[in-house]
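Peer 1: this one's structure only:
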């Protein structure tokens, strides 16, 4: 019997441009973020030792610098603790929700562009964190669409692990909003819980998928978002 585990890790703390959707921001981890990534590697290694999990030597991460750095630093912990020379493999399928041609602009800049364009209506309140809203620009996605993309990738990657024996696990380093919406598509969290939950930086969430491709939370805790807390993922 094979048990398959997907270990989801949000990137560490990074130099995010203030009040801009995180999306495709190209900035690196802070010193705090690097420390968080190092701790994540040790935590995952401890899981593997205690639970006798066999970890895939390939770590998948998005192409954003903060996710790649988190994966690389995390892999160093796996090498030192498990003697596992993991390879970091980037995938665009793990990216955060895209805002298309408006990438890396602040909320105020985006709203000014919309206001100046006679083709578009005023943005709805709460558009940035709305699961179903998609900005009316080329390349933009809704959060639900980003979650579907990520969940499809997780399903395909975990299906490939079913040929192994025992408990096999694979690490995915990505982004909070697209991971949470992917978890909803996989049946792990209810739609109404998406907005009130977030992910801790570089704290593993472990999802188990059975032979019938049914998913559940095995280990880890989502971060509860305070009612007035601004969404940064």
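Peer 2: Happy to help now that I have it. This one's a predicted model, so the numbers in the text were calculated from it and none came from an experiment.
Peer 1: Distance from the helix ranked longest in the chain to the middle of the chain?
Peer 2: Counting by DSSP state H, the longest helix found in the chain is helix 31-51. Put simply, helix 31-51 sits 16 Å off its chain's centre (Cα atoms, centre = their mean, to the nearest Å).
Peer 1: Going by neighbour count, which residues of it are buried?
Peer 2: Of the residues in helix 31-51, 33-34, 36-41, 43-45, 47-48 count as buried by neighbour count, 16 or more other Cβ atoms under 10 Å. Glycine gets a C-beta too; all of them are placed from N, C-alpha and C.
Peer 1: Serialize those residues to TSV and add fields for pLDDT and distance to residue 105.
Peer 2: Below are the buried residues of helix 31-51 laid out as TSV (pLDDT from 0 to 100; distance: Cβ to Cβ, whole Å):
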residue	pLDDT	distance to residue 105
33	98	23
34	98	27
36	98	27
37	98	27
38	97	32
39	97	33
40	98	30
41	97	34
43	96	35
44	97	35
45	96	39
47	93	39
48	94	41
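Peer 1: re earlier: need the next SSE after the longest helix of the chain, C-terminal direction.
Peer 2: Going down the chain from helix 31-51, the next helix or strand is strand 54-55, by DSSP states H and E.
Peer 1: what is the mean pLDDT for that next one?
Peer 2: Summarised as a single mean, pLDDT over strand 54-55 is 94.
Peer 1: Also stretch 95-108?
Peer 2: pLDDT averaged over stretch 95-108 gives 94.
Peer 1: what does it rub up against?
Peer 2: 17-26, 62-64, 110, 113, 128, 135, 137-143, 145-146, 149, 174-178, 181, 233 (Cβ atoms under 8 Å, 6 or more residues apart in numbering).
Peer 1: and that stretch, how far apart are its ends?
Peer 2: 23 Å (Cα to Cα, to the nearest Å).
Peer 1: This protein: strands as residue ranges?
Peer 2: Taking DSSP state E to define them, one finds strands in the chain at 2-10, 54-55, 58-61, 87-90, 166-174, 197-198, 205-209, 215-219, 223-224.
Peer 1: if we compare these, which one ends up closest to residue 119?
Peer 2: Closest approach to residue 119 among the strands of the chain (Cβ to Cβ): strand 166-174, 32.7 Å.
Peer 1: elements contacting the closest one?
Peer 2: Contact partners of strand 166-174 among helices and strands, from 3 or more Cβ pairs under 8 Å, 6 or more residues apart in numbering; DSSP states H and E: strand 2-10, helix 31-51, strand 54-55, strand 58-61, helix 65-82, helix 143-159.
Peer 1: Including distance to residue 101 and mean neighbour count, could the strands of the chain go into a markdown table?
Peer 2: What follows is these, written out as a markdown table (distance: least, Cβ to Cβ, whole Å; neighbours: other Cβ atoms under 10 Å):
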| stretch | distance to residue 101 | mean neighbour count |
| --- | --- | --- |
| strand 2-10 | 25 | 24 |
| strand 54-55 | 39 | 20 |
| strand 58-61 | 24 | 22 |
| strand 87-90 | 22 | 14 |
| strand 166-174 | 22 | 22 |
| strand 197-198 | 27 | 19 |
| strand 205-209 | 32 | 21 |
| strand 215-219 | 34 | 15 |
| strand 223-224 | 31 | 14 |
